[in-house]
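**Student:** with the input below, show me the fold.
(one chain, ligands or ions: 1)
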Amino acid sequence: MRRIVARSGAVPGAFLWGLTLRVLERCTELGPYLLAYLWLCHAAGAPSAPGLAWIAEPRWLAAALLALFVLQGVLALYGQRLCFLGSYRIVGAYRERLLDRVRRLPLGVLRERRIGHLSDLLTDDIQRVESIFTHVSADFVAALGVSAAAILVLAGIDTRLALALAATGPLALLVLAASRRWFERAGLRKHARYRETAGLLVEFIGGLATLRLFHRTADWVARLDGAFADLRRLSLGIEKWGGGPVMAYRLTLETGLVVLFLAGGWLAAPMETAPLGWLAFFLLAYKFIGPLLEAAEYLVMLRHACQSELKLEEIWQTGLLPEPARGAVPDGVAVCFERVSFAYGEQPVLREISFALPEGGVTAIVGPSGAGKSTILHLLARFHDPGAGAVRIGGRDLREIGSARLHDLLSMVFQDVQLFDGSILENIRAGREQASDAEVFAASRAADCHGFIEGLPDGYRTRVGEGGLSLSGGERQRISIACALLKNAPLLLLDEVTAAVDPASQFAIQTALGRLAARRTVIMVAHRLSTVRNADRILVLRDGEVVESGTHAQLLEQGGLYARMWHAQDATEAARG
Ligand SMILES: Nc1ncnc2c1ncn2[C@@H]1O[C@H](COP(=O)(O)OP(=O)(O)OP(=O)(O)O)[C@@H](O)[C@H]1O
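**Tutor:** Numbering: from 1, shown residues only. Below you'll find the model as predicted:
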């Protein structure tokens, strides 16, 4: 909770006041027992404490009880109000800062994280964290508070018996503390497995058609069954072992009553007012143990909420890219990689790679799968910063230019275009918010998507994305190209945009790209070499190094990797007819 308050930057004053009032409210529960005890002492003829003679008068006793209940009501009202107000203030500020953090996460990290996982974090997990403040913590602290007050009152009646009653408390706490770390680790293990299983499920559903065609569904179902069985085992383990320590805690606490009896017997005549004193003592003993047992239940809820907080903490621990206070202005968009190395975790992808691309024209990056082609585009768009070396645009290091200015300079079209939930018009206009309808239509015509959009029932107002119309890969790509055209950025990065579309769409996209490439600097990653033969220069990448560069004709003449890849693709396409 301290970490959440610190991350939120909110002042926890109201919340702490609320907590205090809630603790006081619960402490008033002891009042009737105390009054009854004092009254019984008086009735039994025990000498009453100075100033407590009024206890003999039933009307004063009734008035005291009434005052107590009114006080309890007032404390409950203000305590809850302040707790809720303070909680929502803290969690609201925390949520805002968290969203801001997510917004500033490196694009590479956002691409790696599954959307589902992030939205779970920002909805379910944050809600669980919210519940710590709004409900669980106040009840938990109030329960601890009333227990503490009860044991103090009991100590006032008889210190030795109070000590006997509380003797097992530390042991009970030890049981809980010992199990905490285990519970956390088990929770994180389950969380990791859950993420893997969710990922497998998404892959399975996405690739179901292909899997069926290749009769591979049975293997996948077996794999998924294994993952679910594992998840079930981990979940049961958590419930079993997570609940176990809480049971042990309750048992150890309740043993305090047994110790109390033994101590009572051993001390023989412990109190002058026995047996009335004994009666009051046992009633109050339950007010000590009862809330502590309640607290164990809140503790289970707290532990689940702590799991969620730990998951959210991952976001805070993910480093942000350093951003300059004022981004440097590059001189044009000539690109230069200077001895750039990059690794995903431990896996090196680019090794001291250097090349320079002049402004204007089309550069294609080709090479075998996994060579690091997309990674070059990702570094250029500053999804990540390089581990070593420098990526420059217009002579300035991207770290000096800063992400905001850099993103103004470039447009990127991916192979897997994600359109957001909204109309087609809004999706294209994302390229330039101020663009008029006429400019959007012009960009769509140039991207060769105006025709099919006009053919849709609601035209440009047709909704796409989640719950909307599903478009083909080629159609989505042309919309994305229209968006890039509208943005009119001088540097264009294309990541295998024609890899997964049919020849007709490929032709349409190529034509649109041709328009997009005019007057711009284009860097494209391509698998199909036929789509890059007209590029002004081609970089051939293998194992994270540039092994060849030149035009299509020059590279064919060199007879190296490019030439071999070209002939291999040529032969495949010829065989396909
Ligand atoms: N987010 C990531 N986390 C970990 N490894 C990654 C990540 N993205 C890519 N890689 C790995 O880095 C290597 C280079 O990936 P990259 O996508 O740059 O290659 P590529 O040449 O574009 O490959 P392809 O043509 O198959 O798309 C690959 O081995 C890939 O598995």
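**Student:** got any ranges where the stretch 201-350 of the chain has weak pLDDT?
**Tutor:** Residues of the stretch 201-350 of the chain meeting the criterion pLDDT under 70: 240-242, 267-277.
**Student:** need the residues of this protein near the ligand, please.
**Tutor:** Within the chain, the positions adjacent to the ligand are 112, 344, 347, 349, 367, 369-375, 525 by Cβ under 6 Å from any ligand atom. Quick note: C-beta positions are derived from backbone N, CA and C, even for glycine.
**Student:** helices - which of those land there?
**Tutor:** 112, 373, 374, 375 (DSSP state H).
**Student:** please pick the buried ones from those.
**Tutor:** Buried subset of these (neighbour count, 16 or more other Cβ atoms under 10 Å): 373, 374, 375.
**Student:** how much space separates residue 387 from residue 339?
**Tutor:** Distance of residue 387 to residue 339, given as Cβ to Cβ, to the nearest Å: 11 Å.
**Student:** hmm, I typed the wrong one, I wanted residue 327.
**Tutor:** Distance from residue 327 to residue 339, counting by Cβ to Cβ: 23 Å.
**Student:** give me the more crowded residue out of the two.
**Tutor:** residue 327 (18 against 13; other Cβ atoms under 10 Å).
**Student:** out of the buried ones among the ones in helices among the residues of the chain next to the ligand, flag the one nearest to residue 3.
**Tutor:** Closest approach between those and residue 3, by Cβ to Cβ: residue 375, at 34.5 Å.
**Student:** was I right about that closest one contacting residue 343?
**Tutor:** No. Assessed by Cβ atoms under 8 Å, residue 375 is found out of contact with residue 343, at 9.8 Å.
**Student:** can you tell me, leaving aside adjacent residues, what's nearest to residue 105?
**Tutor:** residue 318 (6.0 Å; Cβ to Cβ, 6 or more residues apart in numbering).
**Student:** how about the contacts made by the one you found?
**Tutor:** By Cβ atoms under 8 Å, 6 or more residues apart in numbering, the contact set of residue 318 is 105, 106, 109.
**Student:** quick check on it: phi, psi?
**Tutor:** phi -70, psi 120 (degrees, to the nearest 10).
**Student:** measure it to the ligand for me?
**Tutor:** 13 Å (Cβ to the nearest ligand atom, to the nearest Å).
**Student:** next helix or strand past the helix ranked longest in the chain?
**Tutor:** Counting residues, the longest helix found in the chain (DSSP H) is helix 217-266. As assigned by DSSP states H and E, the chain's next helix or strand after helix 217-266 is helix 276-317.
**Student:** residue of the stretch 51-200 of the chain nearest the ligand, please.
**Tutor:** Closest contact between the stretch 51-200 of the chain and the ligand, by Cβ to the nearest ligand atom, is at residue 112 (4.5 Å).
**Student:** next, count neighbours for residue 521.
**Tutor:** Applying other Cβ under 10 Å, we find 25 residues neighbouring residue 521.
**Student:** residue contacts, it?
**Tutor:** Shown in contact with residue 521 (Cβ under 8 Å, 6+ apart): 333, 334, 335, 357, 359, 360, 361, 363, 490, 491, 492.
**Student:** how far away is the nearest residue to residue 569 once chain neighbours are set aside from residue 75?
**Tutor:** Excluding the flanking residues, the one nearest residue 569 by Cβ to Cβ, 6+ apart is residue 529, at 5.3 Å. Counting by Cβ to Cβ, the separation of residue 529 from residue 75 is 78 Å.
**Student:** cool, residue 435 as well?
**Tutor:** As for residue 435, its distance to residue 75 is 59 Å (criterion: Cβ to Cβ).
**Student:** give me the contact list for stretch 319-335.
**Tutor:** Under Cβ under 8 Å, 6+ apart, the answer for stretch 319-335 is 101, 104-106, 356-359, 380, 382, 384-385, 391-397, 399-406, 409-410, 490-491, 521, 523.
**Student:** mind listing what the most centrally placed residue in the chain touches?
**Tutor:** Nearest to the mean C-alpha position of the chain, counting by Cα atoms, centre = their mean, stands residue 121 at 3.5 Å. Applying Cβ under 8 Å, 6+ apart to residue 121 gives the contacts 311, 312, 315.
**Student:** of these - the most surrounded one?
**Tutor:** residue 312 (23 neighbours).
**Student:** for that residue, which residues are in contact?
**Tutor:** With contacts defined as Cβ under 8 Å, 6+ apart, the neighbours of residue 312 are 98, 121, 125, 126, 129.
**Student:** if we can go back for a sec, tell me which of the contacts of residue 318 fall in strands.
**Tutor:** Judged by DSSP state E, the contacts of residue 318 include no members of strands.
**Student:** give me the PyMOL select line for the residues you listed, limited to the buried ones.
**Tutor:** Burial among the contacts of residue 318 is assessed by 16+ other Cβ under 10 Å; the matching PyMOL selection reads:
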select buried, resi 105+106+109
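**Student:** show only the entries of the contacts of residue 318 found in helices.
**Tutor:** Short answer: those in helices (DSSP H) are residue 109.
**Student:** list phi and psi for residue 411.
**Tutor:** phi -120, psi 150.
**Student:** ok, for it, nearest residue in space, not its chain neighbours?
**Tutor:** Nearest to residue 411 is residue 484, by Cβ to Cβ, 6+ apart, at 3.7 Å.
**Student:** residue 552 now?
**Tutor:** The shortest distance from residue 552 to any non-neighbouring residue, by Cβ to Cβ, 6+ apart, is to residue 533 (4.4 Å).
**Student:** ok so that neighbour is a helix residue?
**Tutor:** No. Checked against DSSP: H, G, I helix; E, B strand; the rest coil, residue 533 lies outside a helix; its state is coil.
**Student:** coming back round to it: among the residues of the chain next to the ligand, show me the least confident.
**Tutor:** Of all the residues of the chain next to the ligand, residue 112 has the smallest pLDDT value, namely 70.
**Student:** what about that residue, distance to residue 374?
**Tutor:** For residue 112, the distance to residue 374 - Cβ to Cβ - is 13 Å.
**Student:** do the same with residue 472
**Tutor:** Counting by Cβ to Cβ, the gap from residue 472 to residue 374 is 22 Å.
**Student:** equivalent analysis for residue 456, please.
**Tutor:** Taking Cβ to Cβ, one finds residue 456 at 32 Å from residue 374.
**Student:** residue 87 too?
**Tutor:** Residue 87 is 44 Å from residue 374, by Cβ to Cβ.
**Student:** same check, this time on residue 313
**Tutor:** Residue 313 sits 30 Å away from residue 374, going by Cβ to Cβ.
**Student:** just residue 526 next, same as before
**Tutor:** 11 Å.
**Student:** quickly list what's touching both of those two.
**Tutor:** residue 496.
**Student:** where do the helices of the stretch 351-500 of the chain begin and end?
**Tutor:** Ranges of helices in the stretch 351-500 of the chain, per DSSP state H, counting those that start in this stretch, are 373-380, 398-401, 403-409, 424-429, 437-446, 450-454, 473-487.
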